[in-house]
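1. Any chance you could fold what I've pasted below:
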Amino acid sequence: MDFRQIEIFCAVAEELHFGRAARRLFIAQGSVSEQIRRLETHLGTLLFHRSSRSVVLTPAGRVLLAESHRLLDCRDRAVQLVRAAGAGRAGALRLAANYPASRMLLLPLLDRLRETHPEVAVTPRELASAQQFREVGQGDLDLGLVYGPVDDTSLRSEHLLDVPMVAVVRGSHPLAGTDSLRLDELAAHRYVTTYAGGTNSIEETLISTAARVGVRVRRSQSTTDLSGYLLELETTDTIGFSSLPRGEQSRAQGMHLLRLEPQPMLTMHAVWRADRDEPLVNSVLSELRELAAAHGERHSAVFRQSAAPINPWIIAR
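-> Numbers count the residues shown, from 1 in each chain. Predicted structure coming up:
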């Protein structure tokens, strides 16, 4: 039994006339009769009661007609989904982002995909950049949003945003009464450039930015994980560093943010497997480019118009 036989059967069952069914399908009446005989032989039962004056569905024929409509609907649905997947409009997408990317890009992306790609099933996660690199490389993630640059030749990447880095201190820190901190002033304070298990992107960006203006920033890793590191910042006069979105979260918890001079900028990249050309990934990348560009324009305007010491501005490239 194949779909062509099902289509012929449905035409006869709906017309209750072999001649009219043949004209509807643009085939010879003899071909219609032959396909119905083959279908009845395959199923081992009569589908029609035939006479010189009428064609009537048997009980088995009525059951097959109802099931045939469902089969043809499923076939058409499958064809549509396959074509949509081939065009990047349907399928399953495993997507992850680090903390700043989840706030700036992932959340608006999910809202947009619900409208523009309703047939896409997205599995979003928030993961550190290092873990995303591993999972994209292993094929467990289709697309990641990470700190760059990306040096792994097995991966492809695209720069989306530049994200400001800020210094974070507790509310009672001696610097809490100021709005900015020059990198050449760091030597006079206790500071921690990263924490155990954390990304080295913040540390590397801080050190390289300072080096460009002739300032040496020493590497100083906290011996604790993220929770211990945050507790250290809250209870001591240690200076910490974070992306601006992470810093804004800390400010909501009573911490104070300082603009760094010169301003270190973290680069945010999309990353995916170099050996795969997935239409859905390409389609989502197009959405991400638009979101990044709009984000940059919006926050650059905020920066130009506002005199506040810390502005949530993000630059898109």
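
2. Please parse this structure into its domains.
-> Structural domains assigned to the chain are 3-85, 87-317, following automatic domain parsing.

3. can you give me the helices for the stretch 51-200 of the chain?
-> In the stretch 51-200 of the chain, the segments counted as helices under DSSP state H, counting those that start in this stretch are 59-86, 99-101, 107-116, 129-138.

4. Same check on the stretch 201-317 of the chain?
-> In the stretch 201-317 of the chain, the helices defined using DSSP H, counting those that start in this stretch lie at 201-212, 226-235, 244-252, 279-305.

5. got TSV for those helices, with distance to Gly177 too?
-> (Each C-beta comes from the backbone N, C-alpha and C, glycine too.) Listed next are the helices of the stretch 201-317 of the chain as TSV, based on distance: least, Cβ to Cβ, whole Å:
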stretch	distance to Gly177
helix 201-212	23
helix 226-235	17
helix 244-252	15
helix 279-305	23
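
6. Adding mean neighbour count and distance to Ala270, write the ones you listed out as a markdown table.
-> Formatted as a markdown table, those follow (neighbours: other Cβ atoms under 10 Å; distance: least, Cβ to Cβ, whole Å):
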| stretch | mean neighbour count | distance to Ala270 |
| --- | --- | --- |
| helix 201-212 | 18 | 15 |
| helix 226-235 | 15 | 24 |
| helix 244-252 | 18 | 17 |
| helix 279-305 | 16 | 6 |
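
7. Pipe these into CSV and attach mean pLDDT per row.
-> Compiled in CSV, the helices of the stretch 201-317 of the chain are given as follows (pLDDT from 0 to 100):
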stretch, mean pLDDT
helix 201-212, 95
helix 226-235, 90
helix 244-252, 92
helix 279-305, 76
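
8. Nearest approach to Gly30 belongs to which of those helices?
-> Taking Cβ to Cβ, helix 279-305 is the member of the helices of the stretch 201-317 of the chain nearest to Gly30, at 44.2 Å.

9. and Gly171, which of the helices of the stretch 51-200 of the chain is closest to it?
-> When these are compared by Cβ to Cβ, helix 99-101 sits nearest Gly171, at 21.9 Å.

10. which other helices and strands contact the closest one?
-> Here helix 99-101 touches helix 244-252, strand 265-273, going by 3 or more Cβ pairs under 8 Å, 6 or more residues apart in numbering; DSSP states H and E.

11. 7 Å instead, please
-> Contacts defined by 3 or more Cβ pairs under 7 Å, 6 or more residues apart in numbering; DSSP states H and E place helix 99-101 against helix 244-252.

12. Restricting to C-alpha, output the helix it packs on in CSV.
-> Extracted C-alpha coordinates of helix 244-252, given in CSV (Å, rounded to 0.1, in the frame of the first residue of the first chain):
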residue,chain,number,x,y,z
LEU,A,244,28.5,45.2,33.1
PRO,A,245,25.3,42.9,33.0
ARG,A,246,26.8,40.8,35.9
GLY,A,247,27.8,44.0,37.7
GLU,A,248,24.3,45.4,37.4
GLN,A,249,23.1,42.2,39.1
SER,A,250,25.6,42.8,41.9
ARG,A,251,24.5,46.4,42.3
ALA,A,252,21.0,45.2,42.9
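
13. what's it in contact with?
-> With Cβ atoms under 7 Å, 6 or more residues apart in numbering as the test, helix 244-252 has contacts from Tyr99, Pro100, Arg103, Met104, Val163, Pro164, Val166, Val168, Ser242, Leu257, Pro312.

14. Many thanks, I have nothing further to ask.
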